[in-house]
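Engineer: sequence below, structure please.
(2 chains)
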There are 2 protein chains.
Amino acid sequence: MSILDTLLGRPLASEEDHEQRVGVAAGVPTFGLDALGSAAYGPEAALTILIPAGAAALAYVMPLSLTIIALLAIVYFSYRQTIDAYPRGGGSYTVASENLGRGLGLLAAAALMLDYLLDVGVGISTGVGALVSAVPKLGPHTLGICILILVILTVVNLRGVRESGILFMAPTYIFVACLLGVLGWGTTKALLGGGHPQPVVSPPHPSPHAIAAVSAWLLIRAFASGCTALTGVEAVSNGVMAFKDPNTKTARRTLTVIVVLLALFLAGIAHLTRVYGITATEPSSPGYQSLLSMITAAVAGKGSLYYITIASILVVLSLSANTAFADFPRLCRAIAEDGYLPRFFAIRGRRLVYTEGIFVLAILSGGILVIFGGVTDRLIPLFAIGAFLAFTLSQAGMVMHWRRTGGRRSKLYIVVNCAGAIATGCTVAIVLVAKFVDGAWITVLMIPLLIFLMRSVHQHYQRIAAESRVRRLHLVKEPPPVAIVPVSRWDRASEAALQFACSLTPEVQVLHIECPEEHGEQSSDGWQRQLEEATLGSEISPPTIVTLASPFRFITMPILEYVRNVEGKYPDRKVAVIVPELVSAHWYHYLLHNHRSTALKALLLVKGNHRIVVINVPWYLNS
Amino acid sequence: MSILDTLLGRPLASEEDHEQRVGVAAGVPTFGLDALGSAAYGPEAALTILIPAGAAALAYVMPLSLTIIALLAIVYFSYRQTIDAYPRGGGSYTVASENLGRGLGLLAAAALMLDYLLDVGVGISTGVGALVSAVPKLGPHTLGICILILVILTVVNLRGVRESGILFMAPTYIFVACLLGVLGWGTTKALLGGGHPQPVVSPPHPSPHAIAAVSAWLLIRAFASGCTALTGVEAVSNGVMAFKDPNTKTARRTLTVIVVLLALFLAGIAHLTRVYGITATEPSSPGYQSLLSMITAAVAGKGSLYYITIASILVVLSLSANTAFADFPRLCRAIAEDGYLPRFFAIRGRRLVYTEGIFVLAILSGGILVIFGGVTDRLIPLFAIGAFLAFTLSQAGMVMHWRRTGGRRSKLYIVVNCAGAIATGCTVAIVLVAKFVDGAWITVLMIPLLIFLMRSVHQHYQRIAAESRVRRLHLVKEPPPVAIVPVSRWDRASEAALQFACSLTPEVQVLHIECPEEHGEQSSDGWQRQLEEATLGSEISPPTIVTLASPFRFITMPILEYVRNVEGKYPDRKVAVIVPELVSAHWYHYLLHNHRSTALKALLLVKGNHRIVVINVPWYLNS
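Structural biologist: Here you go, the predicted model:
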């Protein structure tokens, strides 16, 4: 256990829960990294769509960004209300389930699960991709670095919510300070320069022959791409229980800080893009520069501030998956408590986090990283849909919630949530249409599959509950079982098993499978006499010896067949198979023996029936 | 079991052994593919070393080949004698162990194991490498094709010795026929052409500026490389038991066929190389052509015979690993019977082959293929050493054997084996020196490691045998055990477990771990009354209920601690932990429950002691 203690910290008692909770300062890195990091790719995604429009795109940057910020504001106000209404954590799943019915709840759950899963893969690989384009030497190690970051995130999150918040505080706030600094300085310069500041490092000119008309369709696609900036905003509402008391207040404040920062980022980026006349560069072309890199260079030149800012962006992007690690396990816990996911998701591990959810997220997203070789550009279109679908269902659920509960200000609340539902619902439709061919269809396929899986799990649990229900405990006096002890040779282990068998029941059979060609195998000749001598003078009646030949050299199958046979012969008795087992203190000795007893136990469990009981008598080697 | 039957064939009874044996015709593909296939790379390896000598190399081709053929003849005669002397299979391990002592026997075993392991990896990847250079489109799938061939070889060999022999007969004999045809036709042309036949397709001219002096060192290195043509010759002597009766005679004939064919190949290749003036091309250069490809083109042109011959070479190279699959498991069986490898190697599986040896070979060589990405050129220097070391020890062992047994012709035998030992011993020394830097040092490192492992296994078995020995069985009447039934909630499974506990012993404790935050967990309030009602009217004394709080949310650890505690309190009683378990017919339901009982059983086995017995009471869900 000491390795675990070093790696993950000592186990925490349930009462220590309160000490593990986070305040605003640690809450922002835990639940906000995803949202804040998306400032680095959301606006750029929108501008990339506008590349064919050339310099004409600049006129549309501000209106597009303001639309997205307005959407952010709507989402913010409605999630604030959700936090108040659901102080035990009101993710989209909970809100939709309780107010719109289980079906739509599961839809929200599936959408969010998919969103988080993709988020981890895409977040890490985007960060590493940027790192690799800065240090091309690292290229061949892309996947390795991705996996390393995934392992770090997993371990840190297994250590607990608080530790991940504190550990990621420094990079988060350096990033926030740098980006606010660059944007503020740039805006000041623009004001002083009368709206036309001189860039320190000029951004590349837009391609001159790219002058497609700015069609409505192009703008809609740009909006759909830009919406990725909003993913991650729902995380806080799901994790209300992880915040310091008064937890709804702390959660609300954290959400406010995250949303205000994100809005400032989006507005600042849009403003500087326009005044410096920056357009996006083609991501796969050799002259590619990220939008934030061009803005920072234009404002501050390529000095030390530039490098610190770029480095902090890389780190925050790589760590943005932390939000998924904080929230995915909580989402799974909520679903598992309703019986739609395996129960182990609802159990908190040694550090008061939902360990199994963290493992499942790490394994699945690790799988995505391995399959895509650490380059997941093609998955980016997929993951806004999940987030916005969950937003929509959550808002719609809140509308129903206020209608049901009523209250003084419920009319105002209904209006806010209704606006949110309509806005985000339209966004889902836009993103779905604009990105369908690019990969959104995968989401459309995966969501029903996930819902089907969750429903199957639920059905299974219900069936088991019905089948195994005990209305009234009932115990009767049963005759002692018939004991069968499979023995291949006499050693301390088989002696101990036989000894235990004889103390259980007067009816003991020693079963020997004769496999003549096996090297070193004993024949059972003379065993009867040995057993009679061994029981002489005790009150034990000597066991019977049964010898079976095994022409096919199988050992466990003939034992199973014989056991079933005996079970058929004694319809009113249980049959206890007593399996001797040599146990060594060293795991690597496992290869040297133990195979047969393990195989026999497994076979009896799988192919047995309720009257066949397996008794494992261990005998320990000194080490 | 029906999938297994389809894939591997029905189980074979031990008595069916005789029907599974192979004659000469099937014996050549089974035990000879490695030796015959090496004609395709042995001579080429020698000529590649001579490239720096340019056309001057041609003068040395024939003497070099004759030396190798002479070595082959010596090895052949001494293995013939080994077959006669060891009709139950006399591999180098057996012969060296019995005549030179265990230490040298293990040296031979380690050398051969390493040889076979590398043989599979190198054989498959050489074949696939040739295929890929013929069909460059397949390049990205190199590793996939290698693994596919490995899986095919594994499955075919699991089906039995006879099946693999019959299945690989066609490619083997097509290869033999093509190669003999080409070599015979070429030789005829050379005779008709007065020693200077006109090539149909001229081979590339040797590089003109390559005129290094042909030093003795160069010749020695060429000889060392050419010796790879001899690997695989020892396989027959180890597999004597797999041949039809009279098995020594059939084995001897098979060995004769293999060696005569190989000698013809080597002589023919050397002859045609000289008369057509063919020199090797640099393997990694763009103009690379294999030696056999150049010879075939020179003799027959690039017509259909050319393509059939090249294709058959590819197939035979890829399948040459079959020899290792036939022989490695037999070698492991022999070592395991002496207790130097885990015992499971000595057990024949359903199809009368040593299944575990086949699996281990497949997994380890699969690992080599994956690590080297299917390109194992750099391993080629490693594997002649193992084979020649085993040859030498086997011959030396035979010298001691004849000295001990004496007999009419023993003096002649001693001379033959002595010559063999000296010749192959010198070859080991030459290969080791010539290839040390190229990778032979890895073999030098791995062999002691393998010997150490085998010695450790032996020590372990001896220690266990001593520790667990029972001189005289002794059984006494014991008091009934104390039963502990861990119950988290009442269902049919826990009811069944409690029922069984009550029928075993009057002393039953129901153990409930209270983990308050766990969703859906029952509290044990009221259980006492329930149990009293349940036992009312029966002769059963109601079980005691023990409730433990688990502040750290662990379930299995507190159970273990409690069980140990009880065990300490009753020094003269056994403690039986009765583990209820829901069992479902579907494996995928495993994810949904079962975790705790499995974990508890494993923990009790590993951390328990000889007075703690685990009883597993299953309860089956209807499916």
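Engineer: and for the residue in the stretch 1-150 of chain A positioned nearest to chain B, nearest residue in space, chain neighbours not counted?
Structural biologist: Among the residues of the stretch 1-150 of chain A, A:A13 lies nearest to chain B; the distance is 4.1 Å by CB to the nearest CB. Bear in mind the C-beta positions are built from the backbone N, C-alpha and C, glycine included. The spatial neighbour of A:A13 that comes closest, neighbours along the chain excluded (CB to CB, 6 or more residues apart in numbering or on different chains), is B:P551 at 4.1 Å.
Engineer: what's the burial count for that neighbour?
Structural biologist: Counted with other CB atoms under 10 Å in any protein chain shown, the neighbours of B:P551 add up to 15.
Engineer: helices of the stretch 501-623 of chain A, start to end?
Structural biologist: Applying DSSP state H, counting those that start in this stretch to the stretch 501-623 of chain A gives helices spanning A:527-535, A:556-569, A:595-607.
Engineer: show the average pLDDT along the shortest one.
Structural biologist: Over the span of helix A:527-535, the pLDDT mean works out to 85.
Engineer: mind giving me the packing neighbours of it?
Structural biologist: strand A:508-514, strand A:544-549 (3 or more CB pairs under 8 Å, 6 or more residues apart in numbering or on different chains; DSSP states H and E).
Engineer: is any residue of the helix or strand A:S494 falls within near chain B?
Structural biologist: Secondary-structure assignment from DSSP states H and E places A:S494 in helix A:492-504. Yes: Helix A:492-504 reaches chain B (CB under 8 Å from any CB of the partner chain) through A:R492, A:A493, A:S494, A:E495, A:A496, A:L498, A:Q499, A:F500, A:C502, A:S503, A:L504.
Engineer: put the alpha carbons of that helix into PDB.
Structural biologist: In PDB, the C-alpha atoms belonging to helix A:492-504 read as follows (Å, rounded to 0.1, in the frame of the first residue of the first chain):
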ATOM      1  CA  ARG A 492       0.600 -30.600   2.600                       C
ATOM      2  CA  ALA A 493      -2.000 -28.700   0.500                       C
ATOM      3  CA  SER A 494      -4.100 -31.800  -0.400                       C
ATOM      4  CA  GLU A 495      -3.700 -33.100   3.200                       C
ATOM      5  CA  ALA A 496      -5.100 -29.800   4.500                       C
ATOM      6  CA  ALA A 497      -8.000 -29.800   2.100                       C
ATOM      7  CA  LEU A 498      -8.900 -33.400   3.000                       C
ATOM      8  CA  GLN A 499      -8.600 -32.500   6.700                       C
ATOM      9  CA  PHE A 500     -11.100 -29.700   6.300                       C
ATOM     10  CA  ALA A 501     -13.400 -31.900   4.200                       C
ATOM     11  CA  CYS A 502     -13.500 -34.500   7.000                       C
ATOM     12  CA  SER A 503     -14.300 -31.900   9.600                       C
ATOM     13  CA  LEU A 504     -17.300 -30.700   7.500                       C
END
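Engineer: now do that helix and helix A:595-607, the angle between them.
Structural biologist: Direction vectors for helix A:492-504 and helix A:595-607, defined by axes from the mean of the first three to the mean of the last three CA atoms, to 10 degrees, enclose an angle of 40 degrees.
Engineer: by contact count, what packs against helix A:492-504?
Structural biologist: In this structure, helix A:492-504 packs against strand A:482-486, strand A:508-514, strand A:575-583, strand A:612-620, helix B:441-468, with contacts taken as 3+ CB pairs under 8 Å, 6+ apart.
Engineer: how about those in JSON lines, adding mean neighbour count, mean pLDDT and distance to B:W217?
Structural biologist: What follows is those, written out as JSON lines (neighbours: other CB atoms under 10 Å in any protein chain shown; pLDDT from 0 to 100; distance: least, CB to CB, whole Å):
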{"stretch": "strand A:482-486", "mean neighbour count": "24", "mean pLDDT": "94", "distance to B:W217": "64"}
{"stretch": "strand A:508-514", "mean neighbour count": "21", "mean pLDDT": "91", "distance to B:W217": "61"}
{"stretch": "strand A:575-583", "mean neighbour count": "25", "mean pLDDT": "91", "distance to B:W217": "56"}
{"stretch": "strand A:612-620", "mean neighbour count": "24", "mean pLDDT": "91", "distance to B:W217": "60"}
{"stretch": "helix B:441-468", "mean neighbour count": "15", "mean pLDDT": "90", "distance to B:W217": "19"}
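Engineer: out of these, which comes closest to A:P52?
Structural biologist: Comparison of the helices and strands packed on helix A:492-504 against A:P52 by CB to CB identifies helix B:441-468 as nearest, at 57.7 Å.
Engineer: still on that earlier bit, surely the residue nearest to A:A13 meets A:D17?
Structural biologist: No: in this structure, B:P551 sits apart from A:D17 without contact. The criterion is CB atoms under 8 Å, and the distance is 10.9 Å.
Engineer: look up how far A:P204 lies from A:A110.
Structural biologist: Using CB to CB, to the nearest Å, one gets 42 Å for the distance from A:A110 to A:P204.
Engineer: of those two, which one has the most company?
Structural biologist: Each of A:A110 and A:P204 has its neighbours counted (other CB under 10 Å); A:A110 has more, 25 against 12.
Engineer: now do stretch A:297-312, average pLDDT.
Structural biologist: Along stretch A:297-312, the predicted local confidence has a mean pLDDT of 86.
Engineer: end-to-end on that stretch?
Structural biologist: 15 Å (CA to CA, to the nearest Å).
Engineer: so which residues make contact with that stretch?
Structural biologist: With CB atoms under 8 Å, 6 or more residues apart in numbering or on different chains as the contact definition, stretch A:297-312 has outside contacts at A:134, A:171, A:174-175, A:178-179, A:181-182, A:185-186, A:189, A:199-203, A:272, A:276, A:278, A:292-293, A:296.
Engineer: tell me the residues of the stretch 201-350 of chain A that contact chain B?
Structural biologist: Proximity of the stretch 201-350 of chain A to chain B (CB under 8 Å from any CB) is limited to residues A:A336, A:E337, A:P342, A:R343, A:F344, A:A346, A:I347, A:R348, A:G349, A:R350.
Engineer: can you name the residues that contact the residue nearest to the fourth one when sequence neighbours are not counted?
Structural biologist: Computed as CB to CB, 6+ apart, the closest residue to A:R343 that is not its neighbour in sequence is A:A336, at 5.8 Å. By CB under 8 Å, 6+ apart, A:A336 lies in contact with A:P342, A:R343, A:F344, A:F345, A:A346, B:H519.
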